[in-house]
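J.: coordinates only, sequence not included:
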């Protein structure tokens, strides 16, 4: 990929400057050429650099695109160091693809923790399945792999549970010596609900941005590409994009794929466009299958989230009972007063 030289940047800056003047009706001023200093002071040089870098990047990506579907490829080291992002419309095969990635990590001896909010991971190569209930307490072992089925929790409870696990693991790992750490990967299903464009978890973003220093990595899986934080996507070393049809998703994907974005509309189930370091290729992933029968982890009855007592629930549910109780006390008080007199 070529880099624009100074002359090209200045020429582009002049072009932007003139277009800006024409746009605001200053046709006469646009006939003159500004100095390089004027262009720099008004921000046109920096704008030109950004535009040329983006255009060159897209041209490179488009020229390097491999249209013939290749076999599934997953760079394990890159997945550990920079994390992975998987996105695509409903039913495109993204969860199956992610299970294949997780299987690769497990065979390397790494710890995996999956947060499953739709019961998609009931069958995977992870041995432990913990069904998390709103009024049950579960303390996972640090060095064990788990699928946390959080489908019974509300969205706010899901966020709280995930952040608690991630935060505890992060802090505990930071307290270990470097030679005591082992890679652990966190899988976030429906990532747009956790690390969205306008609302994102600071705990998860900390993991994504700095986790590699502690041997903590992630796989983020999302149905709506447009709703996911650009910061998250940009930090991931590998992107696997399945079939997409929503206009906003395609528009955002264009920032990475350029004109190759149109290929996303044509993909079949199990087909993905892989983007990594400017390289783009279409590939096919077989449907994941496993013989592993997960061990169902029992959940204690101690509450994770505050649970109202039955007595309080009954009183709150019957306001007339509260009124009756107050009235009874008033009558008793009046009766005592009358006796005293």
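T.: Now that the structure is in, tell me what you want to look at. Everything numeric in this text was worked out from a predicted model, so none of it was measured.
J.: Residue 143 should be in a helix, yeah?
T.: No - read with DSSP: H, G, I helix; E, B strand; the rest coil, residue 143 is coil and lies in no helix.
J.: how about the residue lying closest to it once chain neighbours are set aside, what does it touch?
T.: Closest residue to residue 143 apart from its sequence neighbours, by Cβ to Cβ, 6 or more residues apart in numbering: residue 111 at 6.1 Å. All C-beta spots, glycine's among them, are computed from the backbone N, C-alpha and C. By Cβ atoms under 8 Å, 6 or more residues apart in numbering, the contact list for residue 111 reads 143, 144, 145, 182, 183, 184, 185.
J.: Could you report the neighbour count for the second one?
T.: Around residue 144 sit 14 other residues, with neighbours defined as other Cβ atoms under 10 Å.
J.: domains of the chain?
T.: Domains of the chain are assigned by automatic domain parsing as 6-64, 68-297.
J.: Would you mind finding the most buried of these?
T.: Ranked by mean neighbour count, the domains of the chain are led by domain 68-297 with a mean of 18 (mean count of other Cβ atoms under 10 Å).
J.: how far does it sit from the chain's center?
T.: 7 Å (Cα atoms, centre = their mean, to the nearest Å).
J.: Next: stretch 39-56.
T.: With Cα atoms, centre = their mean, you get 30 Å for stretch 39-56.
J.: ok, residue 267 touching residue 242?
T.: Yes - applying Cβ atoms under 8 Å, one finds residue 267 in contact with residue 242, separated by 6.0 Å.
J.: overlap in contacts of the two?
T.: The contact lists of residue 267 and residue 242 share 88, 92, where a contact means Cβ under 8 Å, 6+ apart.
J.: from the chain's centre, how far out does stretch 31-47 sit?
T.: 39 Å.
J.: Contacts for it, please.
T.: 9, 10, 13, 14, 16, 17, 20, 48.
J.: Direction included, what does the helix or strand hosting residue 274 pair up with?
T.: Assigned by DSSP states H and E, residue 274 falls within strand 271-276. As defined by DSSP bridges, the strand partners of strand 271-276 come to strand 238-241 (antiparallel), strand 279-284 (antiparallel).
J.: quick check: mean pLDDT across the longest one?
T.: Okay, so that is strand 279-284. Averaging pLDDT along strand 279-284 yields 88.
J.: What pairs with the very next helix or strand once past it, parallel or antiparallel?
T.: Scanning forward in sequence from strand 279-284 by DSSP H and E, the next helix or strand is strand 295-297. According to DSSP bridges, strand 295-297 forms sheet pairs with strand 128-131 (parallel).
J.: so after the partner strand, what's the next helix or strand?
T.: On the C-terminal side of strand 128-131, the closest following helix or strand by DSSP H and E is strand 146-149.
J.: Which secondary structure elements does the helix or strand that that next one is followed by sit against?
T.: Downstream of strand 146-149, the first helix or strand assigned by DSSP H and E is helix 155-175. Packed against helix 155-175, as judged by 3 or more Cβ pairs under 8 Å, 6 or more residues apart in numbering; DSSP states H and E, are the following elements: strand 111-116, strand 184-188, helix 202-210, strand 216-222.
J.: ranking those by mean pLDDT, which is last?
T.: helix 202-210 (a mean of 91).
J.: helices and strands around that helix, which ones?
T.: helix 155-175, strand 216-222, helix 230-235.
J.: same thing but at 10 Å, please
T.: Other elements packing on helix 202-210 under the criterion 3 or more Cβ pairs under 10 Å, 6 or more residues apart in numbering; DSSP states H and E are helix 155-175, strand 184-188, strand 216-222, helix 230-235.
J.: any chance of the contacts of stretch 31-47 in a markdown table, plus distance to residue 135, secondary structure and pLDDT?
T.: A markdown table is the format used below for the contacts of stretch 31-47 (distance: Cβ to Cβ, whole Å; DSSP: H, G, I helix; E, B strand; the rest coil; pLDDT from 0 to 100):
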| residue | distance to residue 135 | secondary structure | pLDDT |
| --- | --- | --- | --- |
| 9 | 62 | helix | 81 |
| 10 | 66 | helix | 83 |
| 13 | 62 | helix | 81 |
| 14 | 67 | helix | 83 |
| 16 | 60 | helix | 81 |
| 17 | 64 | helix | 76 |
| 20 | 61 | helix | 75 |
| 48 | 59 | helix | 75 |
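J.: Out of these, which two sit at the greatest distance?
T.: The two members of these with the most space between them (Cβ to Cβ) are 9 and 20, at 16.4 Å.
J.: Go ahead and confirm residue 242 touches residue 268.
T.: Yes - counting by Cβ atoms under 10 Å, residue 242 touches residue 268, with 9.4 Å between them.
J.: out of the helices and strands packed on helix 155-175, which comes closest to residue 86?
T.: strand 216-222 (4.7 Å).
J.: What strands flank that closest one, and is each parallel or antiparallel?
T.: strand 84-87 (parallel), strand 184-188 (parallel).
J.: tell me the angle of it relative to strand 111-116?
T.: 30 degrees (axes from the mean of the first three to the mean of the last three Cα atoms, to 10 degrees).
J.: related to what we said a few turns ago, let me know the average pLDDT across the strand holding residue 274.
T.: Mean predicted lDDT for strand 271-276 stands at 92.
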